[in-house]
Structures are given as structure tokens and as C-alpha cells.
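next one to model:
(one chain, ligands or ions: 2)
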Amino acid sequence: MELRNLVFDCDGVSTSQADNGFLSSISLLNSEKAIQELLQQAPVQQNDDHLIEFSEALRTVAKALRRAAEGKAAAQAEAAEWKRKFELERERNLHLEYLSLDEDHRDADRRENLAGQSNKHVEQCCGSNGLCSHEVLRNGEADSDSKVVQDKYTRKASFKLSWWCKGEHSEQHKHDIVSFEKGNITTAERSSKQISLKWESDPQTVLILTKPNSTSVQILCAEMVSWLREQKKLDIYVEPRVRTELLTESSDFNFVHTWKDDNEITLLHRKVDLVVTLGGDGTVLWAASMFKGPVPPIVPFSLGSLGFMTPFYSERYKECLDSVLKGPISITLRHRLMCHVVRDAAKNEYETEEPILVLNEVTIDRGISSYLTYLECYCDSSFVTCVQGDGLILSTTSGSTAYSLAAGGSMVHPQVPGILFTPICPHSLSFRPLILPEHVTIRVQVPFNSRSHAWASFDGKDRKQLRPGDALVCSMAPWPVPTACLVDSTNDFLRSIHEGLHWNLRKTQSFDGPRDT
Ligand SMILES: NC(=O)c1ccc[n+]([C@@H]2O[C@H](COP(=O)([O-])OP(=O)(O)OC[C@H]3O[C@@H](n4cnc5c(N)ncnc54)[C@H](O)[C@@H]3O)[C@@H](O)[C@H]2O)c1
Ligand SMILES: Nc1ncnc2c1ncn2[C@@H]1O[C@H](COP(=O)(O)OP(=O)(O)OP(=O)(O)O)[C@@H](O)[C@H]1O
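Ligands and ions are numbered 1, 2, ... in the order given. Here you go, the predicted structure:
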């Protein structure tokens, strides 16, 4: 009787496959569950060969059903990847559209703002070895209505990015990293060397972001605002909380701008030439999270305890800002990850929640649940592994020195493009962390047969619950975070791991004692 029911269920599944083109994983997993229950109920006797054979056959069916369910998840991952590609393509097209529109503005700008200056370098624009600010900061939205917005463009300082190759002054820049001459494959010049930012017109607007509840930060902020206004004649933006603090101190600060609602924050990247952060790494993360698209260059001053991403000394702020405003400056282009939560209830893969951009990492963990997390992971359309443990961290290389490091991941130079795949307390002896290439899309699926929910958090904030059937899809975001370097990307990185973590600090062995003769 039970056998007949089961065969009927399996038939039902294959009919729906024929009708719909792919299997419903809920019904598959229900069938799998039914098989498991049946196996437990069936009075299997060690000495009854038929029953043993029968239970083996059922196990094989259960495995096949699981594989089919995994197939569906792979198809979903592929759909998400196509969606991402489509969005990038759309972004690119809108951007090209903008370039032609922006050309007129820049012509007017050049005449007004750069009168008397040689505009040779402006005309050649990006040339062969650089990138212009409108390419970094433009987010591709169609500006149908706004003359106001266009007026704001003309106020923005433009800059040019270039890569140091064979010394700073070399004009040579190679995009190809591999040459193929006479049948020999040779690695040629690498393209992503130290990046240098050169202003093409003077920066005019600075946004200052500060760590809350700190008296020393508040005092420095007031000093810096006055200096930038009086000595540098800049427009200053701060958060509404900070404007209130400044006005409480003195009504002279009423020249400081802020915003009234969050919608205005989405336009900030069009007004702001430079962002200054006063705080620790958390304030840099906060600054990055305010920009859902392109991010203006950030100058991070250290007023926290660790400061991996905050190389500038606050005591020397005038000197530092002087040289940043003059340029050129070395910058680190920090990659971000774009994360989509795809709900099982969504009608299709395109129906995702608002993407969330992270500078450090997205973590999928067990939250308050006391069960192991059970997560199925796919990289593009390939199955990677199942995570059984406390969770998984998908980290940028900038985030490699944060939570991922604590979970046993490698430390990676922030300019290396890649996604770190680091398990948190895996219940397995052989689960080593991975580093995956920048171009992949990773999908972390909470399977239907998971015992518990999982929780995703983004740079340590904004926890979202993932129920069985939900997934988190993650790929490299098109908008990096440019942070100014004190010296250069490598020097700053090495200094931060030496000073922040005391990396490989050991007393030097004494000279005397046994030695090779
Ligand atoms: N076990 C852990 O190590 C652990 C646990 C939770 C969160 N975190 C990290 O905290 C980050 C959030 O930082 P926050 O300042 O808002 O929270 P927070 O105030 O709790 O500070 C966390 C600590 O992580 C340091 N940190 C942040 N980003 C870093 C980076 N890229 N490299 C090296 N250290 C870094 C900060 O300086 C700070 O000391 C998360 O993105 C996560 O990486 C770490
Ligand atoms: N402008 C801001 N508004 C709201 N919250 C902020 C802002 N800037 C920073 N934060 C939050 O304040 C917390 C502490 O910030 P931050 O890490 O910069 O200082 P810190 O803890 O003193 O530094 P460190 O971690 O190096 O000791 C972080 O959780 C961060 O998200």
C-alpha cells in the first residue's frame, strides 16, 4: 500500500516535469521526506534480502530527487547571473547616453572654469591609461526631469585616474596582461598598479562624516569645518545630527549644509567632491553604505582604536587635506559586493529585494538558532559545497582583515580583486577557506530541508532572516570605494597589519649560540 502511494507521488512529479519544464523542489523534497519516513517505518529485517534491496532502491530514488532539487537551485543561480549581466549592460548603455549629454556640459565647464588653463589633458580625457570622474561617479540613472541636477553636475570637480606603470611618468598602460607571440604565452604588464587621482578642476564640496558620541571627534569636526570654509572656501555638508551639534556650539556654523530626507542622500555623489571620515573603520563602512552607487574619494582620518582603513593622522589634518585638495593622490579602489536576497515566495529570480552593497563582507549565520546552519553554495552554475557549521562569510579583500580573518581566512591586499569564501566554525575537518575570482556570482541557498532559518548581515549590520527556500546571491559590485592612501596602497596595507595586528611579531633570535660552521 505504502509502495503504491510512493509510486503515485513519483509519477505526479514526473508529470509536472513534463508540463512545466522543471521540477518543483517543494514536491521533490516532500517526496524525499516521505521516502525517509517510509524507510523508518518499513520493518526491514536483516535477513530479508528483498526488503534490503527495496530500501536501497528507495535510497537511490531519494538521492535522485535531491539532485533534481539542486538542479533547480543551479538554474536559479544562472538566471540571477543573466539578470546581473543585463543590469550591467543597461548601466553601460545609460552611461554612454550620459557621456554624450555630459560632453556639452563639460565644454561649457571648460570655458568657464578652466579659462586660461591649458585644456590639452582634458580633451584627451581618459586617454589610454586612465579613467575620468564621470565614469567613476555616474550611476547611470536617466535624468529626465532635472535641470537642478544638471546644474549640480557643473559644480562638481572632475578628476582623472591613472595607473602607475614603469614609473609614474610613463604613458604606457596595457590592458592586456597576457601576450601571445610566436605561439608562446607570456605574462605582460599588469594593468592594476598603484592608482593615482589627479584633479582636473578644484574640489569645491566636502562631506564630513563623523563617529557619533565622541567628544574628541566633535571638537575636531568643528575645527576642520571652520578651516575648510575660511582657508579653502569650500562648501561643507554634514549629517543632520552633526549640523545640530555645530549650531549648538555656535550660530556661525549656519553655512553648513545638510539634507532633510533620505532621498537626498541618493543624490549626494553628484554634489560631493570629497568625503572626509572622522572615526574608525566603522565610520568608513558607514560612509560607503551611504552611497548605493558611485562613491566620491574618501579621506579617512583615524579616531578609532584599530584603523585598518584609516591611514590619516587627525593631528596633521591641515597638512593632509592641503595635499589631498591639491593632488595628485594615491588611492586604493576597494571592491564592494552587491548582495540580493531572493525569497522563495518571489515569482521569479528578478523579484529580489533592494540590493545591498558591502565593503567588508556579508555573513550568513545561524543567528539565535542553536542548530547548525545548513547552506548550499553555488558558484555560477557549479555546486561548491554545503556549509554545516555556524555560517559562512563572503568577504571582499578589504574585509579580509576583519571578520573573515577571525574565522581563519587569509589576509589579502585590498587591491587584489576576489571574493573570499570563509566558513565560520565548520563542523568538518577539511573545510579550508577559498578565494574565488572577481567575476563569479555566488549563491547561498537555505534548502527546504534545513532544520533552521539563517540570518544574513551586511558589514555587521541590517540582519535579514533567510527562511528555507530563500537565497542570498552575491557578486562584485560595479562601484568600488576609492580611499585616499597616506603613502600608497601596499605601504598602507602593510603598515596596518604590522601596527594594527602586530603581524608576525617575534623577538629576534640572539646572535650567540650554535650555528653552521
Ligand atoms: N569576530 C570578529 O572578528 C567580528 C565579529 C563581528 C563583526 N566583525 C567585523 O566588524 C565589522 C563592522 O565594524 P564596525 O566598526 O562597524 O563594528 P565594531 O564597532 O563592532 O568593530 C569591529 C572591529 O572590526 C574592525 N574592522 C572593521 N573593518 C575592518 C577591516 N576592514 N579590517 C580590519 N579591521 C576591521 C574595527 O576596527 C573594529 O575594531 C564587520 O564588517 C565585521 O567584519 C568582526
Ligand atoms: N556617522 C555615523 N552615524 C551612525 N553611526 C556611525 C557613524 N559613523 C560610525 N558609526 C557607527 O559607530 C560605530 C563605531 O564606529 P567606528 O568603528 O568608526 O569607531 P570605533 O569603534 O571607535 O573604532 P575602532 O573600532 O577602530 O575602535 C560603528 O558601528 C559604526 O557603524
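
any regions of the stretch 151-300 of the chain where pLDDT drops low?
By pLDDT under 70, the low-scoring segments of the stretch 151-300 of the chain are 151-154, 165-182, 188-192.

contact residues of it facing ligand 2?
209-212, 239, 279-283, 285-286 (C-beta under 6 Å from any ligand atom). C-beta here means a position set from N, CA and C on the backbone, and glycine is covered the same way.

what does the longest strand that the chain contains rub up against?
Counting by DSSP state E, the longest strand found in the chain is strand 382-395. Residues outside strand 382-395 that contact it (C-beta atoms under 8 Å, 6 or more residues apart in numbering) are 70, 74, 337, 360-366, 372-378, 402-404, 407, 409, 419-428, 431, 434, 442, 444, 454, 474.

if you set the cut-off to 7 Å instead, what comes out?
Outside strand 382-395, the residues that touch it by C-beta atoms under 7 Å, 6 or more residues apart in numbering are 70, 74, 337, 360-366, 372-378, 403-404, 407, 409, 419-428, 442, 444, 474.

go through the helix or strand that that strand is followed by and flag the buried ones.
Sequence order places helix 403-406 as the next helix or strand after strand 382-395, per DSSP states H and E. For helix 403-406, the neighbour count (16 or more other C-beta atoms under 10 Å) marks 403-405 as buried.

same deal with stretch 320-340?
Buried residues in stretch 320-340, defined by neighbour count with 16+ other C-beta under 10 Å: 320-321, 324-325, 327-340.

can you check stretch 392-407 too?
For stretch 392-407, burial by neighbour count (16+ other C-beta under 10 Å) applies to 392-405, 407.

which parts of the chain sit against ligand 2?
Residues of the chain that fall close to ligand 2, judged by C-beta under 6 Å from any ligand atom: 209-212, 239, 279-283, 285-286, 304-307.

which of those residues are buried? Put it as a PyMOL command.
Here is the PyMOL command that selects the buried residues among those (16+ other C-beta under 10 Å):
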select buried, resi 209+210+211+239+279+280+281+282+283+285+286+304+306+307
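
what's the pLDDT at the residue lying closest to residue 426 once chain neighbours are set aside?
Excluding its sequence neighbours, the residue lying closest to residue 426 (C-beta to C-beta, 6 or more residues apart in numbering) is residue 389, at 3.8 Å. Residue 389 is assigned 97 on the pLDDT scale.

beta partners of residue 389?
Beta bridges link residue 389 to residue 373, residue 426, judged by DSSP bridges.

tell me the contacts of the residue of the stretch 51-200 of the chain found nearest ligand 1?
Closest to ligand 1 within the stretch 51-200 of the chain is residue 195: 18.7 Å, counting by C-beta to the nearest ligand atom. Going by C-beta under 7 Å, 6+ apart, residue 195 touches 161, 163, 331, 333.

what helix or strand is the last one on?
Taking DSSP H and E as the definition, residue 333 sits inside strand 329-334.

give the buried residues for the longest strand of the chain.
By 16+ other C-beta under 10 Å, the buried positions in strand 382-395 come out as 384-385, 387, 389-395.

check stretch 414-425 too.
For stretch 414-425, burial by neighbour count (16+ other C-beta under 10 Å) applies to 414-415, 417-424.

and of the residues you listed, the nearest to ligand 2?
For the buried residues of stretch 414-425, the minimum distance to ligand 2 (C-beta to the nearest ligand atom) is 16.7 Å, reached by residue 414.

got the confidence number for that closest one?
96.

ok, for it, nearest residue in space, not its chain neighbours?
residue 398 (4.4 Å).

contacting residues for that neighbour?
Residues in contact with residue 398 (C-beta under 7 Å, 6+ apart) are 309, 334, 359-360, 414.

what packs against the helix or strand hosting residue 319?
Counting by DSSP H and E, the element that carries residue 319 is helix 317-326. Applying 3 or more C-beta pairs under 7 Å, 6 or more residues apart in numbering; DSSP states H and E, we find helix 317-326 packed against no helix or strand.

coming back round to it: could I get the buried residues of stretch 414-425 as a markdown table with secondary structure?
Formatted as a markdown table, the buried residues of stretch 414-425 follow (DSSP: H, G, I helix; E, B strand; the rest coil):
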| residue | secondary structure |
| --- | --- |
| 414 | coil |
| 415 | coil |
| 417 | coil |
| 418 | coil |
| 419 | strand |
| 420 | strand |
| 421 | strand |
| 422 | strand |
| 423 | strand |
| 424 | strand |
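
pLDDT and distance to ligand 1 added to the buried residues of helix 403-406, as a markdown table?
Listed next are the buried residues of helix 403-406 as a markdown table, based on pLDDT from 0 to 100; distance: C-beta to the nearest ligand atom, whole Å:
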| residue | pLDDT | distance to ligand 1 |
| --- | --- | --- |
| 403 | 98 | 3 |
| 404 | 98 | 7 |
| 405 | 98 | 7 |
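
residue 210 against residue 217, yeah?
Yes - between residue 210 and residue 217 there is a contact at 5.0 Å, judged by C-beta atoms under 7 Å.

residues shared between the contacts of the two?
Common neighbours of residue 210 and residue 217, using C-beta under 7 Å, 6+ apart, are 278-279.

so the residue in the stretch 201-350 of the chain that ligand 1 sits nearest to, which state does it fall into?
Ranked by C-beta to the nearest ligand atom, the top residue of the stretch 201-350 of the chain for proximity to ligand 1 is residue 282, at 2.6 Å. Put simply, residue 282 is helix when judged by three-state DSSP.

what sits against it?
Taking C-beta under 7 Å, 6+ apart, one finds 211, 304 in contact with residue 282.

ok, now residue 284?
277, 298, 300, 309-310, 483.

mind giving me the PyMOL select for those, buried ones only?
Buried residues within the contacts of residue 284, by 16+ other C-beta under 10 Å, are selected in PyMOL with:
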select buried, resi 277+298+300+309+310+483
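
which of the contacts of residue 284 fall in strands?
277, 298, 300, 483.

just the CA trace of the helix or strand encompassing residue 269, in PDB.
Taking DSSP H and E as the criterion, residue 269 maps to helix 268-271. Extracted in PDB, the C-alpha atoms of helix 268-271 (Å, rounded to 0.1, in the frame of the first residue of the first chain):
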ATOM      1  CA  LEU A 268      24.900  63.200  -2.700                       C
ATOM      2  CA  HIS A 269      27.500  61.700  -5.100                       C
ATOM      3  CA  ARG A 270      26.600  64.300  -7.600                       C
ATOM      4  CA  LYS A 271      27.300  67.200  -5.300                       C
END
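
counting by contacts, list what it packs against.
helix 147-155.

these two touch, right, residue 246 and residue 252?
No - taking contacts as C-beta under 7 Å, residue 246 lies outside contact range of residue 252: 8.9 Å.

mind checking which of the two has more residues around it?
Taking other C-beta atoms under 10 Å, residue 246 and residue 252 do not tie; residue 246 has more neighbours (23 against 11).

and the end-to-end length of stretch 450-469?
Start and end residues of stretch 450-469 are separated by 9 Å (C-alpha to C-alpha, to the nearest Å).

ok, and for it, which residues are buried?
By neighbour count with 16+ other C-beta under 10 Å, stretch 450-469 contains the buried residues 450, 452-459, 464, 466, 468-469.

ok, and of these, which contact ligand 1?
Among the buried residues of stretch 450-469, the ones lying near ligand 1 by C-beta under 6 Å from any ligand atom are residue 459.

if we only consider the buried residues of stretch 450-469, which is nearest to ligand 2?
The shortest approach to ligand 2 among the buried residues of stretch 450-469 belongs to residue 459, at 7.9 Å (C-beta to the nearest ligand atom).

give me the phi and psi for the closest one.
phi 50, psi 40 (degrees, to the nearest 10).

per-residue confidence, it, what does it come out as?
The score at residue 459 is 98. That number is its pLDDT.
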